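[1] When you get a sec, could you give me coordinates for this:
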Amino acid sequence: MGKGDLTIKCATESDVPRLLTLYEHLVPEDARPDDASAIEAFVQFHKYPGSAIFLGEVSGALVVSCALVVVPNLTRRTRPYGLIENVVTHRDHRQRGYGLQVLDAATNAAWSFDCYKVMLLTGSKDKGTLNFYARAGFEQSKTGFEKRRIPVRS
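    Purely as a prediction, here's the structure:
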């Protein structure tokens, strides 16, 4: 998948070290896991059919990513739903439409697995971030709640 100078693909195990480096732009204060633990989590992640981590590259450099989890469901005539998490763009590549493109790729993948909806949460109160998700076609139509074992990012 590619549009303009961005090429989008699904991550493989060999992409995990690069992905961990990109995630430093998402939560800079998080400790980086070792590659073996991250690969084990990557393998577990893929046990949900349809789930994928989408990578966007420019000239071979990883600049954007998001994860889609396709969750089996007993309602909506057993149609699954999609959850998008870990949306991140390298700080040097923001404001170029790459985030919109990777979210479109994840959403289209969810539709191809017959998901009846795709959801994402953000802890950001920044108007720019909220407008970004609205431009990507997401609407604030629900109220989210969570219980956490680690503190909310500041």
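
[2] Backbone dihedrals for the residue nearest in space to the middle of the chain, please?
    Of all residues in the chain, the one closest to the mean position by Cα atoms, centre = their mean is residue 66, 2.0 Å from it. Note on residue 66: backbone dihedrals following degrees, to the nearest 10 are phi -160, psi 160.

[3] Would you mind pulling the contact partners of the longest helix seen in the chain?
    Selection of the longest helix in the chain by residue count, based on DSSP state H, yields helix 98-112. Contacts of helix 98-112 from elsewhere in the structure, counted by Cβ atoms under 8 Å, 6 or more residues apart in numbering, are 1, 3, 6, 8, 50, 52, 54-56, 58, 63-68, 70, 81-82, 84, 87, 89, 118, 132, 135-137. Just so you know, the C-beta spots here come from the backbone N, C-alpha and C atoms, and that holds for glycine as well.

[4] Now it: buried residues?
    Within helix 98-112, the residues that count as buried by 16 or more other Cβ atoms under 10 Å are 98-107, 109-110.

[5] And for stretch 110-129?
    Buried residues in stretch 110-129, counting neighbours by 16+ other Cβ under 10 Å, are found at 110, 113, 115, 118-120.

[6] Need the max-distance pair from these.
    Using Cβ to Cβ, the pair of the buried residues of stretch 110-129 lying farthest apart is 113 and 120, separated by 16.3 Å.

[7] Go through the buried residues of helix 98-112 and name the one nearest residue 19.
    Taking Cβ to Cβ as the measure, residue 102 is the one of the buried residues of helix 98-112 closest to residue 19, at 12.6 Å.

[8] Can you pull the phi/psi pair for the most far-flung residue of the chain relative to its centre?
    Relative to the centre of the chain, the most outlying C-alpha is that of residue 77, 25.9 Å out, by Cα atoms, centre = their mean. Here is the backbone geometry of residue 77 (degrees, to the nearest 10): phi 60, psi 40.
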